[in-house]
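[1] Turn this into a structure:
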Amino acid sequence: MADYVGAIDQGTTSTRFMIFDHAGSEVMRHQLEHEQILPQAGWVEHNPLEIWERTSAVVQTALAKAGLGSDDLAAVGITNQRETTVVWDRRTGRPYYPAIVWQDTRTDKLASRLEREGYGEVIRRKAGLPPATYFAGGKIAWLLENVPGVREDAEAGHAIFGTTDCWLTWQLTGGRRGGVHVTDVTNASRTMLMNLETLDWDDELLEIFGIPASMLPEIRPSSVRDPYGTTREDGPFAGEVPLTGILGDQQAAMVGQVCFESGEAKNTYGTGNFMLLNTGETLVRSEAGLLTTPAYQFDGEPVHYALEGSIAVTGSAVQWLRDQLGIISGAAQSEALARQVEDNGGVYFVPAFSGLFAPYWRSDARGAIVGLSRFNTNAHLARATLEAICFQSRDVAEAMVSDAGIELDVLKVDGGVTQNELCMQIQADVLGVEVSRPVVAETTALGAAYAAGLAVGFWSSKDELRSNWAESKRWSPQWDDERRAEAYGRWKKAVERTLDWVEVD
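    Numbers count the residues shown, from 1 in each chain. Sure thing, here's the model as predicted:
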């Protein structure tokens, strides 16, 4: 068998290709950013053709830098930004419109109407999700209603939908010359169109959104012995490699963190934050504002479910300090600036740029900085930004305790923000539990590699994957209970100030 497994990690701001060996260690990577298109307030778009071009480039470059070819890869997995929506013409391979990104809020009126007309409970019961701008179903409906020719072509079977995993799989396996139109249960679950119990598209949900079933990809497990397809010799791999793993990015991170037992949780710190709690084969319906979602499904095994708390703006708030305010020159500088002060100086920053996601689900909220006095400096704002990441994660952890009755003993963390050691210390302080970072912090790509490699026997079992996991650093809480309670109480007051800011019909 070949010595390596590859993983395409198609994220919100960039695409990378990573190569892993049998120990789960990174051998090589290459990464490229893509443009963030912001045509008006609340709208966020990507160019699907640019994403495909970047994907091809990172695969080719990483393989070349490692001196490897397609024959050296036992399998390839794909992980992706989940709800971002692409609709394209299967005859030409051309998108009808830019990809509508998960952060986009243009469907807020549709989400409100669905709730008002009583469809919210149907969507929650069947899909495990609230009607919200976050998910793909509303984005597909918007494209059908607002882009000329899309509905006609969809009803004729020409216009097809996919999240970016589906778009890339279609391209890698041939595109308009026979590309495979397929996704996995984790990505399908982010549409508001998949029934959590049947793991298939639901006719009632499709009718609610007015979406033709012919647009939708086949739903398969996250790890498959019978490949979704194979890469083509005229593609970026320059040879045939089986595609055997697909996982939405947060579920991929859960696999990469080997959270395979009920009660295990991880928190990924990226553009947003995403905390998932494994509930095993039990489908737990949230009463506290969380999402019920498949965690993963390996071939021949039942689906494992999770409760998820999705937070829209965390790492991207640090980017906002850099790009819009200009008070730091790079993300790493946020830690040095925040360390100039002992505390937040009374400043609380709620970065509700796209409304508030879990556990609030308030599209009417907008960002607010409260508690300012002339005493405060840019260092206090930097500290408040890091604290906002951690307070939002506590909001989700509190909801998980309410829904599942499981108190966290330790929180496994991953993603780029975990390199900010002050932020991780604040996270331990705010939660009152220990925080553990693995040696391989980029667990999203690792999880996709694990799913692909398990399918072809590159790794023999989940126990073997557990043996690969190793801790890099652990943070213990330093705040006492009184300080923790006071800070969290002020955070909750700050959140209240963001609500009812935008009128949503």
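[2] residues touching the closest residue to residue 431 other than its chain neighbours, list them.
    Counting by C-beta to C-beta, 6 or more residues apart in numbering, residue 431 lies nearest to residue 394, which is 5.6 Å off, once chain neighbours are set aside. Heads up, the C-betas are built off the backbone N, CA and C, glycines and all. Each residue near residue 394 by C-beta atoms under 8 Å, 6 or more residues apart in numbering is listed here: 430-431, 488, 491.
[3] Now do residue 394, the pLDDT please.
    On pLDDT, residue 394 comes in at 95.
[4] On the three-state scheme, it is what?
    Under DSSP: H, G, I helix; E, B strand; the rest coil, residue 394 falls in the helix class.
[5] likewise residue 87?
    strand.
[6] my read: it touches residue 146, true?
    No. Counting by C-beta atoms under 8 Å, residue 87 does not reach residue 146; the two are 11.3 Å apart.
[7] Pick out whichever of these two has more residues nearby.
    residue 87 (24 against 11; other C-beta atoms under 10 Å).
[8] OK, contacts around that one?
    By C-beta under 8 Å, 6+ apart, the neighbours of residue 87 are 95-97, 140, 143, 147, 150, 154, 159-161, 215.
[9] at 6 Å what do you get?
    Each residue near residue 87 by C-beta atoms under 6 Å, 6 or more residues apart in numbering is listed here: 96, 143, 159, 161.
[10] cool, residue 206 as well?
    Counting by C-beta under 6 Å, 6+ apart, residue 206 has contacts residue 213.
[11] Regarding it, which helix or strand does it belong to?
    helix 203-209 (DSSP states H and E).
[12] pLDDT (mean, whole number) over that helix?
    Across helix 203-209, pLDDT averages out at 97.
[13] Same question for it: list its buried residues.
    Across helix 203-209, burial judged by 16 or more other C-beta atoms under 10 Å covers 205-206, 208-209.
[14] Which of those sits closest to residue 115?
    Nearest to residue 115, judged by C-beta to C-beta, of the buried residues of helix 203-209 is residue 208 at 11.9 Å.
[15] quick one: that closest one from residue 51, how far?
    Distance of residue 208 to residue 51, computed by C-beta to C-beta, to the nearest Å: 29 Å.
[16] quick one on the thing from earlier: where's the residue nearest to residue 431 relative to residue 275, distance?
    10 Å.
[17] Then residue 420?
    For residue 420, the distance to residue 275 - C-beta to C-beta - is 17 Å.
[18] What segments of the stretch 51-200 of the chain are helices?
    108-116, 120-127, 136-146, 150-155, 164-172, 185-188 (DSSP state H, counting those that start in this stretch).
[19] Out of these, which gets nearest to residue 356?
    Nearest to residue 356 among the helices of the stretch 51-200 of the chain is helix 108-116 (12.4 Å), distances taken as C-beta to C-beta.
[20] any idea of the angle the closest one forms with helix 136-146?
    Orientation of helix 108-116 against helix 136-146 (axes from the mean of the first three to the mean of the last three C-alpha atoms, to 10 degrees) gives an angle of 120 degrees.
[21] If you count neighbours, what's buried in helix 108-116?
    Here helix 108-116 shows 108, 110-112, 114-115 as buried, counting by 16+ other C-beta under 10 Å.
[22] Stretch 450-466 too?
    450-456, 458-459, 462, 464-465.
[23] From the residues you listed, which land in helices?
    Of these, the ones assigned to helices by DSSP state H are 450-455, 462, 464-465.
[24] Show me what residue 411 bridges to in the sheet.
    Using DSSP bridges, the beta-bridge partners of residue 411 come out as residue 435.
[25] can you check residue 223 too?
    With DSSP bridges as the rule, residue 223 is bridged to residue 245, residue 298.
[26] Now do the contacts for it.
    So residue 223 contacts 245, 298-299, 451, 454-455 (C-beta under 6 Å, 6+ apart).
[27] Out of the buried residues of stretch 450-466, the closest to residue 134 would be?
    So of those, ranked by how close each gets to residue 134 (C-beta to C-beta), first place is residue 451, at 23.7 Å.
[28] Now do that closest one against residue 253, distance only.
    From residue 451 to residue 253 the distance is 12 Å (C-beta to C-beta).
[29] Check residue 412 too.
    For residue 412 relative to residue 253 (C-beta to C-beta), the value is 9 Å.
[30] These two: which has the busier surroundings?
    The neighbour count for residue 412 versus residue 253, taken as other C-beta under 10 Å, is higher for residue 253 (30 against 23).
[31] which other residues reach whichever helix or strand comes after the helix holding residue 206?
    Using DSSP H and E, the helix or strand that follows helix 203-209 in sequence is strand 218-220. With contact meaning C-beta under 6 Å, 6+ apart, strand 218-220 is reached by 182, 184-185, 188.
[32] least confident pick among the contacts of residue 223?
    For the contacts of residue 223, the pLDDT minimum is residue 299, 92.
[33] residues in contact with that one?
    Applying C-beta under 6 Å, 6+ apart, the residues near residue 299 are 221, 223-225.
[34] would you turn the contacts of residue 223 into JSON lines with distance to residue 481?
    Formatted as JSON lines, these follow (distance: C-beta to C-beta, whole Å):
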{"residue": "245", "distance to residue 481": "43"}
{"residue": "298", "distance to residue 481": "41"}
{"residue": "299", "distance to residue 481": "46"}
{"residue": "451", "distance to residue 481": "41"}
{"residue": "454", "distance to residue 481": "43"}
{"residue": "455", "distance to residue 481": "47"}
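[35] Where does pLDDT dip in this structure?
    The model of the chain has pLDDT under 70 over residues 504-505.
[36] Kindly recompute the last result at 80.
    1, 331, 406, 441-442, 503-505 (pLDDT under 80).
[37] Which parts of the stretch 301-450 of the chain are strands?
    For the stretch 301-450 of the chain, the strands defined by DSSP state E, counting those that start in this stretch occupy 304-311, 348-350, 368-370, 410-414, 434-438.
[38] now the ones you listed as TSV including distance to residue 236?
    Putting the strands of the stretch 301-450 of the chain into TSV (distance: least, C-beta to C-beta, whole Å) gives the following:
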stretch	distance to residue 236
strand 304-311	31
strand 348-350	41
strand 368-370	44
strand 410-414	26
strand 434-438	29
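[39] looking at those, which is closest to residue 60?
    Of all the strands of the stretch 301-450 of the chain, strand 410-414 comes closest under C-beta to C-beta, at 26.8 Å.
[40] from what I can see residue 48 touches residue 100, true?
    No. Contact status for residue 48 versus residue 100: not in contact, 10.4 Å apart, counting by C-beta atoms under 6 Å.
[41] Packing partners of the host helix or strand of residue 266?
    With secondary structure defined by DSSP H and E, residue 266 is part of strand 265-269. Helices and strands touching strand 265-269, by 3 or more C-beta pairs under 6 Å, 6 or more residues apart in numbering; DSSP states H and E, are helix 249-256, strand 273-280, strand 410-414.
[42] what's the last one in contact with?
    Taking contacts as C-beta under 6 Å, 6+ apart, the residues outside strand 410-414 that touch it are 253, 257, 266-268, 433-437, 441, 443.
[43] Closest to residue 472 out of the contacts of strand 218-220?
    Distances from residue 472 to those, taken by C-beta to C-beta, are shortest for residue 184, at 29.0 Å.
[44] Quick check: bridge partners of the closest one?
    The partner residues for residue 184, given DSSP bridges, come to residue 220.
[45] can you check residue 353 too?
    residue 355.
[46] Could you do residue 4 as well?
    residue 73.
[47] before we move on, what about the one 5 residues further on?
    Residues in a beta bridge with residue 9, per DSSP bridges, are residue 16, residue 79.
[48] How many neighbouring residues does it have?
    Neighbours of residue 9 (other C-beta under 10 Å): 27.
[49] ok, residue 309 - contacts?
    275, 290, 358, 396.
[50] how about 10 Å then?
    By C-beta atoms under 10 Å, 6 or more residues apart in numbering, the contact list for residue 309 reads 265, 267, 273-277, 286, 288-291, 357-359, 392-393, 395-400, 403.
[51] Alright, I will stop here.
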